[in-house]
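Undergrad: model this:
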Amino acid sequence: MKITVIGGGPGGLYFSILTKKAMPNCQIDVYERNKPDDSFGFGVVFSDETLGEFLKRDMQSYELIRTNFAYWDDIIIARDGETVNIAGNGFCGCSRKTLLQLLQQRCLEEGVNLHFEQNVDDLNQFKDSDIIVACDGIGSKIRTQYQSEFGTKIELKKNRFVWLGSTKPLDAFTYFFRTTPHGTIVAHSYQYQEGMSTWIFECSDETWQKFNFELTNEQDTIAKIAEIFKEELDGHSLISNKSHWRQFPHVTNEKWFHNNIVLLGDAKATAHYSIGSGTKLAMDSAIALSDAVIANQNDVQAAFQQYEKSRRNTVEMIQHAALVSLDWFENMDRNNQHPFYQFAFGCMTRAKKVTYENLRLRDKSFTDKVLNEFNTLSSRAQSRHFNEAINVNQSPAFTKFKLRDLELQNRIAMSSMGQYSAENGLVYDWHFQHYTSRAIGGLGLILTEMTAISENGRITLGCTGIYNENQIVEWGKIIDFIHKNTTTKIGIQLGHSGRKGCSKIPWEESFKGNSWDLISASAIPYNDNSIIPKEMNLEDMNLITSQFVQATINSDKAGFDLIELQAHHGFLLASFLSPLTNIRNDEFGGSIENRLKFPLRVFNEMRKVFPAEKPMSVRISATDWAENGISEEDVITIATAFKNAGADIINVSTGNTVENQKPQTGRMWQTPFSDLVRNTVHIPTITAGYIQDIDQINTIILNGRADLVALGRPLLLDPNFVRNAQAYENFQSDDIPKQYKMGISHLYPLKISERKQVDGMKKALKPKSNKK
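TA: Next comes the predicted model:
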C-alpha cells in the first residue's frame with residue numbers, strides 16, 4: 001500500500017508512525033511545505049488522559065514527549081491582582097517545534113519518508129497513491145479544491161486573539177484576566193519549556209477596535225499588550241512569531257473522505273483552544289485513522305467509513321464543548337461582573353463537563369471558597385427577608401429565595417408539564433396526587449401545567465382551565481392540601497394555545513372531538529396539517545385581555561402563590577413576539593417594540609388585579625432555533641420590558657415556535673440563555689432543560705446562570721427527587737412531614753454511602769499522572 005500524507009503537522013506525523021509500525025511494508029511519504037525546523041506558534045498542551053493514550057500506542061513517542069514536557073497540576077485564575085489556585089488538573093506543555101522534531105525522529109526510525117519545502121497544489125502527481133491524507137491545516141488547499149464534495153463549512157467566531165510567547169516562567173496553566181476601560185482581555189498562558197511560555201491574548205471585537213489594534217502590526221500589538229499586562233509579565237518580554245490577530249475559524253465537514261482522499265487534523269475539524277490543544281484532537285483522530293487503515297488494508301473505503309464512524313460523534317461533541325467554552329470567553333465582559341470566586345468557578349465549569357462535584361474532588365479548598373462566597377453574599381442579599389443565619393457551607397440548591405413576599409424553601413422548582421388528563425378543563429384525582437406528591441417531596445416551587453384562560457384557549461381537550469367556578473374550587477383543594485401539609489409554594493401558568501390549539505393528546509393517534517376556531521398574531525398555521533388561525537384584530541385582543549384578567553382573579557381566589565404568564569413556545573402571546581409568527585403590518589408587528597405591545601398590555605392588566613405582595617413570572621423563548629427568528633437583542637428588549645412592567649422573575653425557555661426548528665440540545669443546554677437574561681437585564685431567572693442531578697443544579701446556581709432550576713421529566717418518575725438530593729447532600733431539612741420523618745434514618749445513610757462509593761470511583765478513574 002502507498003500512502004501520501006500532505007502536511008507534516010503532529011497529526012500527519014503520528015498517523016504515519018503508527019501505521020508504518022503496524023504495516024512495515026507499506027510506503028508512506030509525508031510532504032510538508034515548511035522546513036523541518038520551522039514552527040508557527042509556541043507551545044502545545046496535553047492532558048494526563050491524552051498522554052495515557054500515547055503511552056498505549058507508541059512507547060517511544062510517549063517517552064520522548066514526556067521527557068521534553070513541562071508538567072503542572074494546578075490551574076491559576078487571576079483577575080486584576082486577585083488569584084486562586086485550583087489543584088488536581090494534570091496537564092503538560094511542550095514546544096510545538098520540539099514536538100514536531102520528536103515525531104519527525106520517530107518517523108525516520110520507522111522508515112517513513114519525509115519531504116520538506118514541498119508545497120503541494122496538484123494531486124495528479126500522487127495518482128498511484130492508495131490513500132492521500134489531507135492534513136494541511138485550517139486553510140487546507142486539498143480540502144478547498146473539493147469543498148463541495150466534503151461539505152465544508154467555516155464560521156469565523158466573534159472574538160479576536162493573537163498568539164505570542166514570553167520568557168516569563170509559569171508554575172501552572174494560568175488565565176490572566178485584565179479589566180480595562182475598553183473591556184476585558186484574557187491571556188491563556190502556560191510554560192512549555194524552561195524559560196519559555198505561550199501567551200494567547202483574547203478579547204471581544206469591540207474591545208479590539210477600541211484599542212486600535214492592527215491585524216499584522218506585531219510591534220504595536222506587543223507594545224500595547226505588554227503595557228496592559230505589565231504586572232503579569234513582571235519585566236519579561238513578549239515574543240512574536242508571525243503573531244497576527246485572528247478570529248477563530250470553526251471548521252466542519254459533512255463528509256471526511258472523497259475517493260481516496262481523507263481529511264485529518266484542522267483540515268477536518270477545529271476546536272477552540274480554550275478546551276485544550278487542537279494538536280490533541282488531531283493526534284486522537286490520527287490514532288483512529290491508523291486503526292481503520294490497519295484493520296482494512298485491502299478496502300480503503302471501508303477504512304475511511306470506519307474512521308469517520310468511530311470519530312465523528314466524539315469530534316462533534318468536542319467541537320460543541322469548545323463552542324460552549326468559547327461562548328463564555330465571548331461574554332467575558334458580562335461574566336466579569338461576578339464576584340471573584342464565582343467568576344473563577346464559572347471559568348472552570350464553562351464547558352459544562354466540569355461541575356461543582358468534579359472540582360470538589362480535585363480541590364476542596366477551592367470549592368469551599370466558592371461556596372463560602374456564594375452563601376455569604378446570599379445571606380447579605382436576603383438578610384432583609386430572612387432573620388435566621390445562613391450556613392456558609394450549605395448546598396446552594398437548598399438556600400432560600402424570596403420574590404416579593406413569597407419565600408421559597410429551596411431553589412428547585414417543578415417545570416410546567418402537561419398531564420393532558422383534565423375533563424372539560426377540570427382537574428381531578430390524578431392532578432391532586434400529581435401536585436401534592438411533588439410538594440411532599442420537598443420542592444421549593446411547583447409551576448402547574450399550562451392552564452387555559454378559556455375553553456378555546458386549551459391546547460388539547462385534556463388541558464386544564466381556570467375559567468369557571470368549578471375549576472377554581474378543584475384547584476383550591478390541591479392548593480389547600482399543599483399549604484396545610486408542606487412548605488412548598490405553587491404557581492399557575494396561565495396561557496392561551498393560539499395557533500397550537502386543537503392538538504391531539506400525545507398518546508392518542510389523532511384529535512378526538514369538535515375543533516374550534518384558532519387565533520394568532522398572523523394567519524400562519526403551525527404546520528401543514530394545522531388549522532389556519534385567524535389574525536387577531538383589536539376586538540379579539542380586548543376579549544383575550546379580559547380573559548387573562550379574569551383568570552388572574554380566579555387564580556388568586558383559588559389560592560395560588562404566584563402566576564406565570566405563558567409567552568413561550570409559539571403559543572398565543574409568543575406568536576406576537578417572534579418575527580417568524582408575526583408578519584403584521586400594523587402597530588403590533590414589525591419592530592420588537594411593536595411586537596411586544598399586546599403581550600405587555602396583557603401582563604400590565606394582570607399585574608393590576610393580582611395582589612401586590614404576590615410575584616409574577618413570565619416564561620419566554622430566548623431563541624426560535626430557526627433562521628431569521630427572534631434575536632438576542634430582541635430577547636433583552638423583551639425581558640427588560642417585562643421587568644419594567646413589574647415581572648419578578650423570567651423563566652427562560654427556547655424554541656418550539658416553528659416546526660422546522662433545529663435545537664442544539666445537551667446537558668443544561670438552555671442555561672446560556674438564562675445567563676444572558678439574568679446577567680444583562682439583572683432580573684432573577686428560572687432555567688430548565690436536561691438538568692438531571694443535584695450536582696448540575698448546584699453548578700448552575702453557583703455559576704450565577706439562574707436563581708431557580710426547574711426540573712421536568714426527572715420528577716415524573718421520581719417525586720422524591722429533592723428528598724433524595726437532600727440525603728445525598730446530608731442536608732437536614734425541617735419540612736419533612738412528621739408522618740415521614742422515621743424514613744430519615746434509612747434514606748440518609750444509604751445516600752451518603754452511595755455518594756462515598758461514587759466519589760471513590762471518580763477518584764479511581766482519574767487519569768494517572770504522567771509527570772516524569
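
Undergrad: give me the helices and strands touching the helix or strand harbouring L702, please.
TA: Element membership of L702, judged by DSSP states H and E, is helix 694-703. Secondary-structure packing of helix 694-703 (3 or more CB pairs under 8 Å, 6 or more residues apart in numbering; DSSP states H and E): helix 340-348, helix 356-362, helix 364-382, helix 671-681, strand 708-711, helix 721-728. Heads up, the C-betas are built off the backbone N, CA and C, glycines and all.

Undergrad: average model confidence for the longest one?
TA: The reference is to helix 364-382. Computed over helix 364-382, the mean pLDDT rounds to 89.

Undergrad: identify all contacting residues around the helix or strand following that helix.
TA: Following helix 364-382 in sequence order, the next helix or strand is strand 401-403 (DSSP H and E). Strand 401-403 has contacts (CB atoms under 8 Å, 6 or more residues apart in numbering) with 382, 385-386, 407-408, 410-411, 444, 562, 615, 648-649, 684, 707-708.

Undergrad: quick check: mean pLDDT across strand 401-403?
TA: 96.

Undergrad: give me the next element, helix or strand, following it.
TA: strand 406-408.

Undergrad: hey, which helix or strand in this structure has the poorest pLDDT?
TA: The weakest-scoring helix or strand in the chain, judged by mean pLDDT, DSSP states H and E, is helix 48-57 (a mean of 72).

Undergrad: can you name every helix or strand that it contacts?
TA: So helix 48-57, by 3+ CB pairs under 8 Å, 6+ apart, packs with helix 59-67, strand 91-95, helix 278-295.

Undergrad: what about dumping the CA coordinates of the longest strand seen in the chain to PDB?
TA: Counting by DSSP state E, the longest strand found in the chain is strand 152-166. Taking Å, rounded to 0.1, in the frame of the first residue of the first chain, the C-alpha atoms of strand 152-166 are listed here in PDB:
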ATOM      1  CA  THR A 152     -17.000  22.200   4.100                       C
ATOM      2  CA  LYS A 153     -18.300  25.000   6.400                       C
ATOM      3  CA  ILE A 154     -16.200  27.600   8.000                       C
ATOM      4  CA  GLU A 155     -17.600  30.100  10.500                       C
ATOM      5  CA  LEU A 156     -15.400  32.800  12.000                       C
ATOM      6  CA  LYS A 157     -16.100  33.300  15.700                       C
ATOM      7  CA  LYS A 158     -16.500  36.800  17.200                       C
ATOM      8  CA  ASN A 159     -13.500  37.200  19.500                       C
ATOM      9  CA  ARG A 160     -10.100  38.300  18.400                       C
ATOM     10  CA  PHE A 161      -6.900  36.500  19.500                       C
ATOM     11  CA  VAL A 162      -3.200  36.700  19.000                       C
ATOM     12  CA  TRP A 163      -0.600  34.000  19.800                       C
ATOM     13  CA  LEU A 164       2.600  35.300  21.500                       C
ATOM     14  CA  GLY A 165       5.500  33.900  23.500                       C
ATOM     15  CA  SER A 166       7.400  35.100  26.600                       C
END
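
Undergrad: and the angle for that strand with strand 91-95?
TA: 80 degrees (axes from the mean of the first three to the mean of the last three CA atoms, to 10 degrees).

Undergrad: buried residues in strand 152-166?
TA: 152, 157, 159-166 (16 or more other CB atoms under 10 Å).

Undergrad: okay, those in CSV with distance to K21 next?
TA: Shown next, in CSV, are those (distance: CB to CB, whole Å):
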residue, distance to K21
T152, 32
K157, 38
N159, 40
R160, 42
F161, 37
V162, 38
W163, 33
L164, 37
G165, 33
S166, 37
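
Undergrad: closest to C347 out of the residues you listed?
TA: N159 (14.8 Å; CB to CB).

Undergrad: the closest one is in contact with N331, isn't it?
TA: No. Counting by CB atoms under 8 Å, N159 sits too far from N331 to count as a contact (9.9 Å).

Undergrad: average pLDDT across the helix holding L702?
TA: For helix 694-703, mean pLDDT rounds to 97.

Undergrad: for that helix, list the C-alpha coordinates in CSV.
TA: Provided in CSV are the C-alpha atoms of helix 694-703 (Å, rounded to 0.1, in the frame of the first residue of the first chain):
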residue,chain,number,x,y,z
ILE,A,694,-28.2,17.9,42.3
ASP,A,695,-24.6,18.5,41.1
GLN,A,696,-25.8,20.2,37.9
ILE,A,697,-28.3,22.3,39.9
ASN,A,698,-25.5,23.5,42.3
THR,A,699,-23.2,24.2,39.4
ILE,A,700,-25.8,26.3,37.7
ILE,A,701,-26.6,28.3,40.8
LEU,A,702,-23.0,28.8,41.8
ASN,A,703,-22.2,30.0,38.3
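
Undergrad: now that helix: how far from the chain's centre is it?
TA: 13 Å (CA atoms, centre = their mean, to the nearest Å).

Undergrad: ok, residues contacting that helix?
TA: Outside helix 694-703, the residues touching it (CB under 8 Å, 6+ apart) are 342, 345-346, 349, 355-357, 370-371, 374, 395-397, 399, 411-412, 667-668, 671, 675, 687, 691, 706-707, 709, 725, 728-729.

Undergrad: just the angle between it and helix 671-681, please?
TA: Going by the same axes, to 10 degrees, helix 694-703 makes 20 degrees with helix 671-681.

Undergrad: run the angle between helix 694-703 and helix 340-348 for me.
TA: Using the same axes, to 10 degrees: helix 694-703 against helix 340-348 is 130 degrees.

Undergrad: show me the beta-bridge partners of H250.
TA: E155 (DSSP bridges).

Undergrad: list the contacts of it.
TA: 154-157, 270, 272, 319, 323.
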